[in-house]
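# Here is a sequence together with a model predicted from it:
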Amino acid sequence: MDERLRNQSPAGYEIRIDGHLGEHWSAWFDGLTLTHESDGTTTLRGAVDQAGLHGLLSRVRDLGVTLISVKAIDVLLPAQPSDAPQIPKSGSPAP
């Protein structure tokens with residue numbers, strides 16, 4: 001592996017959990033974007049450092065939901081297209 005890449009921290013993370021979380025959980029997960037996927041999972045996505053990731057994983061554990069995956073992402077790139085609507089942070093449902 002290239003030494004330059006090994007020493008760089010990811011810009012953010014994408015966390016996938018089982019079940020659909022309500023939009024009010026976005027604030028509890030430090031404002032990450034919550035997306036309900038058509039397969040019954042929720043994806044949390046956003047800019048998080050290593051320390052923040054550990055805190056978020058503790059919250060997933062405390063919530064008692066099943067953690068499916070954690071993936072390092074470049075938050076400067078757009079999210080992969082999803083057929084599920086994004087949950088707005090304002091609390092109102094997406095049109």
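On my side now, so go ahead.
# contacts and neighbour counts: CA atoms only from here.
OK.
# so what pLDDT did the closest residue to Ile17 other than its chain neighbours get?
Counting by C-alpha to C-alpha, 6 or more residues apart in numbering, Ile17 lies nearest to Leu67, which is 4.6 Å off, once chain neighbours are set aside. Per-residue confidence (pLDDT) for Leu67: 97.
# just Gly31 next, same as before
For Gly31, pLDDT reads 84.
# Likewise for Ile87?
The model reports Ile87 with a pLDDT of 52.
# go on, Val75?
Among the per-residue scores, Val75 shows a pLDDT of 74.
# Then Arg61?
Per-residue pLDDT puts Arg61 at 96.
# If you count neighbours, what's buried in the one helix or strand it maps to?
In this structure, Arg61 is located in helix 50-63 according to DSSP states H and E. Within helix 50-63, the residues that qualify as buried by neighbour count (16 or more other C-alpha atoms under 10 Å) are 53, 56, 60.
# Compile the residues you listed into JSON lines and extend it with columns for distance to Gly31.
As requested, the buried residues of helix 50-63 are exported to JSON lines (distance: C-alpha to C-alpha, whole Å):
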{"residue": "Leu53", "distance to Gly31": "13"}
{"residue": "Leu56", "distance to Gly31": "11"}
{"residue": "Val60", "distance to Gly31": "14"}
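# ok, so of these, who is nearest Ile73?
Distance to Ile73, by C-alpha to C-alpha, is smallest for Leu53 among the buried residues of helix 50-63, at 12.3 Å.
# who are the neighbours in contact with the residue nearest to Ile17?
15-18, 60 (C-alpha atoms under 8 Å, 6 or more residues apart in numbering).
# Which helix or strand lies directly C-terminal to the helix or strand of the chain with the lowest mean pLDDT?
Evaluated with mean pLDDT, DSSP states H and E, the helix-and-strand set of the chain has its lowest mean pLDDT in helix 3-6, which scores a mean of 49. The helix or strand immediately downstream of helix 3-6 is strand 12-18, counting by DSSP H and E.
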